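Q: quick one: sequence and predicted model below, then my questions.
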Amino acid sequence: MEPNIGTRAAAEIDNQINAFRSLQEELTQHNIDYGTLMAQRNENEMVLKELEVCAVESEEGGEVVIYKQIGPVLIKNDLEEAIDTVKKRLEFITGEMDKAQASITKKQEQSQQLAKKIQEMQGAMQKAAVEAAKAVAAGQS
């Protein structure tokens, strides 16, 4: 025996709801990733400010020694090289944030479209159920 229209419609709505949940999980992960990138950007901006303070101190005649960690070892690093490295890192992070934001926007749009589709499907299913109930009631009179 073939499933009736209501059963098929309910199954299709369930499939769409599962797709919606999956989209929401992806959106949550993208937001977490974006938050991580924001934290990295803030940290690197603070490092850049500290390096700029060191540059001013160096220009005033103070001795500034900068180290960078490579594995378990600290190695002396040139101040200008350190500033350039941090600036490049900030450029990269900003680019990744832009990509992540575009991805978040795309997922939000997809999620909204899918939610609208689910609502329309549920509305059509309810309308069909009301019409079927009226037909049954009319047949019994």
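A: Structure received.
Q: for stretch 17-25, buried residues please.
A: For stretch 17-25, the neighbour count (16 or more other Cβ atoms under 10 Å) marks 20, 23 as buried. C-beta coordinates here come from the backbone N, C-alpha and C atoms, glycine included.
Q: any idea which residue sits dead centre in this structure?
A: The centre of the chain sits closest to His30, judged by Cα atoms, centre = their mean, with a distance of 2.1 Å.
Q: so that one lies in a strand, does it not?
A: No: His30: not assigned to a strand; according to DSSP: H, G, I helix; E, B strand; the rest coil it is helix.
Q: which ones are touching the nearest residue to it once chain neighbours are set aside?
A: Closest residue to His30 apart from its sequence neighbours, by Cβ to Cβ, 6 or more residues apart in numbering: Ile104 at 4.9 Å. Applying Cβ atoms under 8 Å, 6 or more residues apart in numbering to Ile104 gives the contacts 27, 30-31, 34.
Q: Ile104 and Gln40, how far apart?
A: Separation of Ile104 from Gln40 (Cβ to Cβ, to the nearest Å): 17 Å.
Q: buried set for stretch 10-19?
A: 13, 16.
Q: just give me the neighbour total for Gly61.
A: Gly61 sits with 6 neighbouring residues when counted by other Cβ atoms under 10 Å.
Q: please report how far it lies from Lys106.
A: To Lys106, Gly61 is 53 Å away according to Cβ to Cβ.
Q: what helix or strand does the residue nearest to His30 sit in?
A: Ile104 is part of helix 79-140, with elements assigned from DSSP states H and E.
Q: need phi/psi at Gly61.
A: Phi and psi for Gly61, reported as degrees, to the nearest 10, are phi 100, psi 0.
Q: same thing with the one 10 residues further on?
A: Here the main-chain torsion angles of Gly71 (degrees, to the nearest 10) amount to phi 60, psi -130.
Q: how about Glu60?
A: The phi/psi pair for Glu60 (degrees, to the nearest 10) is phi -80, psi 0.
Q: that one: neighbour count?
A: Using other Cβ under 10 Å, Glu60 has 7 other residues around it.
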